[in-house]
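Participant: Return atomic coordinates for the entry below.
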Amino acid sequence: MWPRSLPRKVVQYAGDNILAVFGGDETREDDAECAVHCGLALLEQPAG
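Facilitator: Residues are numbered from 1 along each chain as shown. Here you go, the predicted structure:
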């Protein structure tokens, strides 16, 4: 679904929605950048 190399923790699935947290357990300098890359990767996925 998204690049596995991005450090994230999936907190909850609800239907078509996903809540993923970046920097929740361990903060990194690039947490915000990783979150943006994840969002962009999700937008590139085909619907359905």
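Participant: Give the next helix or strand downstream of the helix or strand bottoming out on mean pLDDT in the chain.
Facilitator: Among the helices and strands of the chain, strand 9-14 carries the lowest confidence by mean pLDDT, DSSP states H and E, at a mean of 66. Going down the chain from strand 9-14, the next helix or strand is strand 17-21, by DSSP states H and E.
Participant: Parallel or antiparallel, which strands does that following strand pair with?
Facilitator: When sheet partners are counted by DSSP bridges, strand 17-21 sits next to strand 9-14 (antiparallel).
Participant: Assign a three-state SS to His27, would you?
Facilitator: You called it His, but residue 27 is Thr. Recorded secondary structure, Thr27: coil (DSSP: H, G, I helix; E, B strand; the rest coil).
Participant: Please name the residues that touch it.
Facilitator: Counting by Cβ atoms under 8 Å, 6 or more residues apart in numbering, Thr27 touches no other residue. Backbone N, C-alpha and C define where each C-beta goes, glycine included.
Participant: Please report phi then psi for it.
Facilitator: phi -80, psi 150 (degrees, to the nearest 10).
Participant: any idea of the pLDDT on it?
Facilitator: pLDDT, Thr27: 84.
Participant: What of the one 3 residues further on?
Facilitator: pLDDT for Asp30: 86.
Participant: neighbours around it, how many?
Facilitator: 14 (other Cβ atoms under 10 Å).
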